[in-house]
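Enquirer: take this sequence and fold it.
(one chain, ligands or ions: 1)
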Amino acid sequence: MVNKTEKIWMDGELVDWDDAKVHVLTHTLQYGLGVFEGIRCYKTPKGPAIFRLREHVHRLFDSAYIFQMEIPFSKQDVEKAIVDCVRVNGLQECYIRPFVYIGYGAMGLYAKGNPINVSVSAWEWGSYLGEDGVKNGIRVKTSSFIRNHVNSNMSRGKVSGYYVNSQLAKREAIGLGFDEALLLDTEGYVSEGAGENIFIVRNASIKTTPLTSILEGITRDSIMKIAKDEGIQLEERRFTRDELYISDEAFFSGTAAEITPIREVDNRTIGIGKPGKVTQQLQKIFFDTVHGLVDKYSSWLTYI
Ligand code: PPE
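Expert: Predicted structure coming up:
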């Protein structure tokens with residue numbers, strides 16, 4: 001069960017958690033066109049801080065723009081709603097879910113006149129792929145489901161309906177005894193996890209999937225900046241599943257997943273079967289950063 005808090009922000013008002021309801025004919029609920037974000041807030045020595053708030057809100061508006069949904073609030077309004085939501089619920093560390101959806105009105109695919117509604121919820125959410133996963137790595141299965149073609153779903157948008165594909169992949173992987181699914185793109189190259197971007201390390205240099213079939217992850221971007229500052233070679237270049245099999249290290253990145261090492265793919269051990277040196281180095285800097293311990297990246301934090 002989700003960890004209930006007191007209030008949820010809905011269209012400009014803070015309502016009680018139990019009253020944050022919609023009609024069953026809410027358009028997005030029926031047809032899946034809604035856009036959302038996942039953001040984390042962490043405890044720091046100076047109180048709770050939201051990680052890369054501006055970038056997440058920017059991506060939310062980009063997602064809405066791609067799908068011609070006009071958000072009836074400004075970016076500043078939404079940023080404020082997010083900060084307020086964390087503050088009124090007295091949360092120290094939490095996951096935040098801004099959601100833009102097509103509301104109740106007409107049914108049928110073309111419902112241009114329906115309202116565009118916005119909500120912001122926040123709750124305590126631990127490690128997405130388990131604490132043990134973050135520490136020791138997870139076991140991954142290449143999915144029989146492929147990531148959507150770039151002309152069937154546009155991956156710059158973070159859209160509710162896209163996650164049907166992710167859920168199919170995830171259910172299959174877990175059903176087969178793995179922790180997470182890896183999806184390939186329509187050409188057979190590695191794309192991303194069900195809810196994460198992927199990185200591999202070979203000979204101390206890093207590769208991550210280019211921005212074609214994947215979500216432009218904000219954690220991915222943070223890792224790329226950190227790697228550059230650390231002088232670690234990194235390229236955005238597509239790679240195949242066998243290159244992943246023979247990599248020295250691999251890891252997933254995402255707001256929910258943070259940095260989760262991959263210790264096995266399709267029953268093949270990755271490297272030494274434990275989080276490798278580069279992964280651990282990046283994990284340490286990333287976790288120190290989100291907890292407000294790295295001055296260099298302090299501009300990524302918004303204090304509550
Ligand atoms: N790819 C996908 C498909 C994805 O869903 C996410 C985030 C990412 C990459 C990483 O993006 P970023 O969070 O900006 O680094 N997935 C969100 C939803 C997870 C869920 O189960 O819900 C998240 O991590 O919040």
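Enquirer: show me which residues of the chain are close to the ligand?
Expert: For the chain, the residues in contact with the ligand (Cβ under 6 Å from any ligand atom) are 38, 192, 195-197, 214-215, 217-220, 253-257. For glycine as for every other residue, the C-beta is placed from the backbone atoms N, C-alpha and C.
Enquirer: looking at those, which has the most residues close by?
Expert: Within these, most neighbours by other Cβ atoms under 10 Å means Glu196, with 30 neighbours.
Enquirer: my guess is Tyr95 contacts Glu37, does it?
Expert: No: taking contacts as Cβ atoms under 8 Å, Tyr95 lies outside contact range of Glu37: 10.4 Å.
Enquirer: so for the two, which residue has more residues nearby?
Expert: In this comparison of Tyr95 against Glu37, neighbours counted by other Cβ under 10 Å, the higher total goes to Glu37 at 24 against 20.
Enquirer: residues contacting the more buried one?
Expert: For Glu37, the contacting residues are 56-57, 59-60, 96-98, 158, by Cβ atoms under 8 Å, 6 or more residues apart in numbering.
Enquirer: same thing but at 7 Å, please
Expert: 56, 59-60, 98, 158 (Cβ atoms under 7 Å, 6 or more residues apart in numbering).
Enquirer: with Thr186 instead?
Expert: Contacts for Thr186 (Cβ under 7 Å, 6+ apart) come out as 146, 149.
Enquirer: what about it, distance to the ligand?
Expert: Look at Thr186 and the ligand: by Cβ to the nearest ligand atom, to the nearest Å, they are 15 Å apart.
Enquirer: and that residue, helix, strand or coil?
Expert: coil (DSSP: H, G, I helix; E, B strand; the rest coil).
Enquirer: state the distance from it to Asn203.
Expert: 29 Å (Cβ to Cβ, to the nearest Å).
Enquirer: and for the residue nearest to Tyr31 when sequence neighbours are not counted, the neighbour number?
Expert: Distances taken as Cβ to Cβ, 6 or more residues apart in numbering put Leu109 closest to Tyr31, at 6.8 Å, once the chain neighbours are dropped. Leu109 has 9 neighbouring residues, counting by other Cβ under 10 Å.
Enquirer: surely Leu109 is within a helix?
Expert: No: Leu109 sits outside any helix when classified using three-state DSSP, being coil.
Enquirer: next step: the contacts of Glu37 restricted to helices.
Expert: 56, 59-60 (DSSP state H).
Enquirer: among those residues, name the buried ones.
Expert: Buried members of these, counted by 16 or more other Cβ atoms under 10 Å: 56, 59-60.
Enquirer: reformat those residues as CSV; add distance to Ser74 and pLDDT.
Expert: Output for these, formatted as CSV (distance: Cβ to Cβ, whole Å; pLDDT from 0 to 100):
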residue, distance to Ser74, pLDDT
His56, 15, 98
Arg59, 16, 98
Leu60, 12, 98
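Enquirer: and the helices in this protein, which stretches?
Expert: 27-31, 53-66, 75-88, 131-136, 163-175, 218-229, 241-245, 277-290.
Enquirer: helix 218-229 and the last one, what's the angle between them?
Expert: The one in question is helix 277-290. Per axes from the mean of the first three to the mean of the last three Cα atoms, to 10 degrees, the angle that helix 277-290 makes with helix 218-229 is 110 degrees.
Enquirer: for helix 277-290, list every residue counted as buried.
Expert: Neighbour-count burial for helix 277-290 flags 278-279, 282-283, 285-286, 289-290 (criterion: 16+ other Cβ under 10 Å).
Enquirer: from the contact counts, what lies against it?
Expert: When contacts are defined as 3 or more Cβ pairs under 7 Å, 6 or more residues apart in numbering; DSSP states H and E, helix 277-290 packs onto helix 218-229, strand 249-254, strand 258-265.
Enquirer: try it again at 10 Å.
Expert: Judged by 3 or more Cβ pairs under 10 Å, 6 or more residues apart in numbering; DSSP states H and E, helix 277-290 is in contact with strand 39-42, strand 49-51, helix 131-136, strand 197-202, strand 205-208, helix 218-229, strand 249-254, strand 258-265.
Enquirer: return the residues in contact with Val88.
Expert: Contact analysis of Val88 by Cβ atoms under 10 Å, 6 or more residues apart in numbering lists 5-9, 14, 122.
Enquirer: most neighbours among these, which one?
Expert: Ranked by neighbour count (other Cβ under 10 Å), these have Ala122 at the top, with 27 neighbours.
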